[in-house]
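K.L.:
Predicted coordinates and the sequence they were generated for:
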Amino acid sequence: MNKKIIINCDDRRTRVALLEDGKVVEVYLERPLHQRVVGNIYKGLVTSVLPGMQAAFVDIGLARNAFLYVDEAAALKGHEGEVHRPRRTIECLLRPGQEIMVQVVKEAFAGKGARLTRRITLPGRYLVLMPNAEYSGVSRRIGSSAERERLKGLVAEMRPAAMGLIARTVSEGQEDNALRQDLQFLLSLWENIQSCYRQKQAPQLLYQDLDLIFRIIRDLFSDQVEQLLVDRSSEHRRILDSLKYLAPALAGRVNLYTGKEPVFETFSVEREIERALSRVVWLACGGYLVFDHTEALTVIDVNTGKYTGKTNQADTILKTNLQAAVEIIRQIRLRNLGGIIIIDFIDMKAEDHRQQVLSVLAGELKKDRTRAQIVGLTGLGLVEMTRKKALQGLGGLLQQPCPYCGGSGRILSGEAAAAKIAAEIKSLLEGLQEQAVLLEMHPQVAAALKEPGGAALRRLEAETAKTILIRASETIHIEKYRLVASGEAASLAMLSGSVEDGQSAVSRETDCRQE
């Protein structure tokens, strides 16, 4: 598989795209003013313990207190080596006012605070050190049995007493000395963190994870990546300097982009980001996917769309579902979707067709570095899967709820809004002494109030005993209106040439629509 890493830098943000066989599969974004907290280690202060939720709130110095579940609060070993027996309840593990060492595993979003754990992990280039665990392991992504056995034996031998150690995917094929140097760096880092913990008062940041570019170098840049392209010379030099110590053999694969077009335009990354922010994604065969998000889960619907096939309906459905399976996993990675994901493939009657689609889905999912699992088919034929959710998705980073519809994606129709506003106008005018009012509202609502023949507006005038003049404005929310002025009808009519009352509604109907 041909892999490339594309890095775009400017003063406002750093963006990284991972390409596989020329297609964008992952995008990462970091802004200088946005503090990344996932991976950071803090000395926190327990502010409250909640037995009913079996969780605790911990002050780590952020705007919102972080959340620690009981399963993540039961550290096997404390920071100074004391051993804790496993306990079930949060009130046995923690107490308000207690100072503890915690690591952020999930950033704050959707109104919720960051998620914490007491099970610290320190990732290096080749190894992951776990000071509060006592086991060794090898990345499941290393496929060679012989290499797995070699690394398993080496890691077991190197593992410090009362600590855990895991060989990362990039450790495959590396010499023993490189892994030992990485371990010494991690042990030194852990000693510094412990020293800072003993000296500082909570809440306090003890360790901050690397910035985006260095995390990419540490976690993504390996022998499997054919090229790393960066468009800023200062970052190009910084990457080369870091590779002198981390992976000198990879320095030749790092290039400075000097093209005239922006690097993300050259590799079609901008276009793929736009697609990833869309609700509908078209497939090459003419079918399409629809992505809908709720608080609890993401639903992906597969449709045949414009694709009619050439043989029979079953083959048409199978081809659409197979293309959809590939694109769905790519979009999940690109959008960084997490949590529960439900996929509604087009219904397939043949069992072998269903198995083909599930097999393709599972095969594509193996390319994903984020932990994910296909649970299987539900009784209704829906595919259930889960994916670890640690960071905001691409939509959460680049978009915000629409201030017009409030994030619902739907608004009242012109007729429904007119009925709602008419009732509100009656209530508004009940205690008003003036003869006439000038109201401003959306053109669709204004038109609905005057159809048919202005009868609705005349009836409203009769019920309120007021002259009602309307001015249309595209800038006003379709479900809202504004009282511009009140007084005598003649003086209000002079405020604008685009006002109408019930008597003139029929003759001036088109003017209101145009405005």
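P.N.:
Looks like it arrived, so ask away.
K.L.:
Ile341 looks like it's in a strand, true?
P.N.:
Yes: counting by DSSP: H, G, I helix; E, B strand; the rest coil, Ile341 is located in a strand.
K.L.:
so Leu250 makes contact with Leu220?
P.N.:
No: the pair Leu250 and Leu220 does not pass the contact test of Cβ atoms under 8 Å, sitting 11.2 Å apart. All C-beta spots, glycine's among them, are computed from the backbone N, C-alpha and C.
K.L.:
Now stretch 408-416 - C-alpha only, CSV.
P.N.:
Output in CSV follows, covering the C-alpha atoms of stretch 408-416 (Å, rounded to 0.1, in the frame of the first residue of the first chain):
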residue,chain,number,x,y,z
SER,A,408,-31.8,20.6,14.0
GLY,A,409,-31.3,20.9,10.3
ARG,A,410,-35.0,21.7,9.8
ILE,A,411,-37.2,24.8,10.2
LEU,A,412,-41.0,25.5,10.0
SER,A,413,-42.5,25.9,6.5
GLY,A,414,-43.8,29.4,5.5
GLU,A,415,-47.4,28.4,6.2
ALA,A,416,-46.6,26.9,9.6
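K.L.:
buried stuff in it?
P.N.:
The neighbour-count check on stretch 408-416 (16 or more other Cβ atoms under 10 Å) flags Ile411, Leu412, Gly414 as buried.
K.L.:
All the helices of the stretch 201-350 of the chain, residue numbers only.
P.N.:
In the stretch 201-350 of the chain, the helices defined using DSSP state H, counting those that start in this stretch lie at 212-219, 233-246, 263-266, 269-276, 313-335.
K.L.:
Quick check: which of those is nearest to Leu398?
P.N.:
Closest to Leu398 of those is helix 269-276 (Cβ to Cβ; 7.5 Å).
K.L.:
Which elements pack onto that closest one?
P.N.:
Secondary-structure packing of helix 269-276 (3 or more Cβ pairs under 8 Å, 6 or more residues apart in numbering; DSSP states H and E): strand 23-30, helix 263-266, helix 313-335, helix 394-398.
K.L.:
How far away from the center of its chain is that helix?
P.N.:
15 Å (Cα atoms, centre = their mean, to the nearest Å).
K.L.:
cool, and stretch 322-332?
P.N.:
Here stretch 322-332 shows a centroid-to-chain-centroid distance of 18 Å under the convention Cα atoms, centre = their mean.
K.L.:
got it, and stretch 48-67?
P.N.:
Computed by Cα atoms, centre = their mean, the chain-centroid distance of stretch 48-67 equals 23 Å.
K.L.:
Can you point out the buried residues in that stretch?
P.N.:
In stretch 48-67, counting by 16+ other Cβ under 10 Å, buried: Val49, Gln54, Ala55, Ala56, Phe57, Val58, Asp59, Ile60, Leu62, Asn65, Ala66, Phe67.
K.L.:
okay, how far is it across that stretch, tip to tip?
P.N.:
For stretch 48-67, the first-to-last residue distance is 10 Å (Cα to Cα, to the nearest Å).
K.L.:
Please flag which of the buried residues of stretch 48-67 sit within strands.
P.N.:
Using DSSP state E to define strands, the subset of the buried residues of stretch 48-67 located there is Val49, Ala55, Ala56, Phe57, Val58, Asp59, Ala66, Phe67.
K.L.:
Spell out, range by range, the strands that occur in the stretch 351-500 of the chain.
P.N.:
Here the stretch 351-500 of the chain has its strands, by DSSP state E, counting those that start in this stretch, at 372-377, 383-387, 436-441, 467-472, 481-487, 499-500.
K.L.:
From those strands, pick the one with the highest average neighbour count.
P.N.:
strand 499-500 (a mean of 24; mean count of other Cβ atoms under 10 Å).
K.L.:
What's the mean pLDDT across that strand?
P.N.:
Mean pLDDT, computed over strand 499-500, is 46.
K.L.:
Which residue, other than its chain neighbours, is closest to Gln323?
P.N.:
In this structure, Gln323 finds its nearest non-sequential neighbour in Leu283, 4.8 Å apart by Cβ to Cβ, 6 or more residues apart in numbering.
K.L.:
My guess is the one you found contacts Arg275. True?
P.N.:
No: applying Cβ under 8 Å, one finds Leu283 not in contact with Arg275, separated by 11.5 Å.
K.L.:
Between those two, which is the more surrounded one?
P.N.:
Neighbour totals were compared for Leu283 and Arg275, and Leu283 leads with 22 against 17 (other Cβ atoms under 10 Å).
K.L.:
Could you measure from that one over to Ala325?
P.N.:
10 Å (Cβ to Cβ, to the nearest Å).
K.L.:
Most tightly packed of the helices of the stretch 201-350 of the chain?
P.N.:
With neighbours defined as mean count of other Cβ under 10 Å, the helices of the stretch 201-350 of the chain peak in mean count at helix 313-335, which reaches a mean of 21.
K.L.:
who are the neighbours of that one, in terms of helices and strands?
P.N.:
strand 23-30, helix 269-276, strand 288-293, strand 297-303, helix 351-365, helix 394-398.
K.L.:
tell me what the last one is packed against?
P.N.:
Read it as helix 394-398. Here helix 394-398 touches strand 23-30, helix 269-276, helix 313-335, going by 3+ Cβ pairs under 8 Å, 6+ apart.
K.L.:
Of the ones you listed, which is nearest Arg237?
P.N.:
Counting by Cβ to Cβ, Arg237 lies closest to strand 23-30 out of those; the figure is 19.2 Å.
K.L.:
Pull the contacting residues for the nearest residue to Ile90 once chain neighbours are set aside.
P.N.:
Excluding the flanking residues, the one nearest Ile90 by Cβ to Cβ, 6+ apart is Val70, at 4.4 Å. By Cβ atoms under 8 Å, 6 or more residues apart in numbering, the contact set of Val70 is Gln54, Ala55, Arg88, Thr89, Ile90, Leu93.
K.L.:
What's the separation between the second one and Arg150?
P.N.:
Read it as Ala55. 42 Å.
K.L.:
Could you provide the helices of the stretch 201-350 of the chain in a markdown table, with additional columns for mean pLDDT and distance to Ala17?
P.N.:
A markdown table is the format used below for the helices of the stretch 201-350 of the chain (pLDDT from 0 to 100; distance: least, Cβ to Cβ, whole Å):
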| stretch | mean pLDDT | distance to Ala17 |
| --- | --- | --- |
| helix 212-219 | 92 | 10 |
| helix 233-246 | 92 | 15 |
| helix 263-266 | 95 | 7 |
| helix 269-276 | 95 | 5 |
| helix 313-335 | 93 | 9 |
